[in-house]
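Visitor: got a structure for you, letters missing:
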């Protein structure tokens, strides 16, 4: 098992937002986490990346206790996150944003090679590499956020709402690129409002409801599950 969450509880102040969830991710998988706003999806990702500390339970990566590490050590352990809302540095160029993602990598040849791969994945970023990130469209900023996360050579890529606010054509392009990233050997954990697109992309899925896992299983099964259909797929 590459990544494992065991009995994870997370509190914000006195309010518990995750009530002992369990989740597993095998190497090479795309696993999606679905649920309404406030279900605890982003908190789950933040717990994996070390930005939120659990009040109880464990996050294990290759059997090691990830929840005990500070966030920068989690990146060094080869887990990186593309955050909700993109959070690119608007006053820096595209290339400067991308290179910031490589702060844990000392090998210059490796950095150059990864940057080349990212420009192959996202040709638009190469065209705009000297442009300020703040002048990019929403879709281009999303590509940049994913590219920056890939620069640290992650084994696991955490994606928080990559399709949020994007036009349908761009959503299709972003999801196709996530498939290519996964095919290149990167395991992906995807939090996504667009449940149908996420389940078509993923191998397995988990459904969260107010801090509890209420359903889990192969993505194809969840796509045809009546509860998931009614709650997240518009009953179709």
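Guide: Okay, I see it. Fair warning: this is a prediction, and the values are worked out from it, not measured in the lab.
Visitor: so where is the chain shaky, pLDDT-wise?
Guide: The chain contains residues with pLDDT under 70 at 85-86, 233-236.
Visitor: Could I get the contacting residues of the one residue sitting closest to the centre of it?
Guide: By CA atoms, centre = their mean, the chain has its centre lying nearest to residue 159, at 1.6 Å. By CB atoms under 8 Å, 6 or more residues apart in numbering, residue 159 lies in contact with 81, 82, 146, 178, 188, 189, 190, 191, 192. Using the backbone N, CA and C atoms, a C-beta is placed for each residue, glycine as well.
Visitor: right, and the second one touches residue 160 too?
Guide: Okay, so that is residue 82. Yes: using CB atoms under 8 Å, residue 82 and residue 160 qualify as a contacting pair, with a distance of 6.6 Å.
Visitor: where do the strands sit along the chain?
Guide: Listed in chain order, the strands of the chain (DSSP state E) span 3-12, 15-25, 30-34, 56-61, 64-65, 79-82, 156-160, 187-191, 204-209, 212-218.
Visitor: Skipping its backbone neighbours, what lies nearest residue 29 in space?
Guide: Once flanking residues are discounted, residue 29 sits nearest to residue 203: 4.7 Å by CB to CB, 6 or more residues apart in numbering.
Visitor: my bad, residue 195
Guide: Distances taken as CB to CB, 6+ apart place residue 232 nearest to residue 195, at 3.8 Å, with adjacent residues excluded.
Visitor: Please tell me how far that neighbour sits from residue 199.
Guide: 9 Å (CB to CB, to the nearest Å).
Visitor: joint contacts of those two?
Guide: Taking CB under 8 Å, 6+ apart as the contact rule, residue 232 and residue 199 both touch residue 34.
Visitor: tell me what the longest helix seen in the chain is packed against?
Guide: If you go by DSSP state H, the chain has its longest helix at helix 168-183. Here helix 168-183 touches strand 30-34, helix 108-121, helix 138-150, strand 187-191, helix 195-201, going by 3 or more CB pairs under 8 Å, 6 or more residues apart in numbering; DSSP states H and E.
Visitor: quick one: contacts of the last one?
Guide: For helix 195-201, the surrounding residues in contact (CB under 8 Å, 6+ apart) are 30, 32, 34, 163, 171, 175, 178-179, 190, 192, 205, 219-220, 222-223, 228, 232-233.
Visitor: Which positions in that helix come out as buried?
Guide: Of all the residues in helix 195-201, those buried under the rule 16 or more other CB atoms under 10 Å are 195, 197, 198, 199, 201.
Visitor: next one: the first one
Guide: Buried residues in strand 30-34, defined by neighbour count with 16+ other CB under 10 Å: 30, 31, 32, 33, 34.
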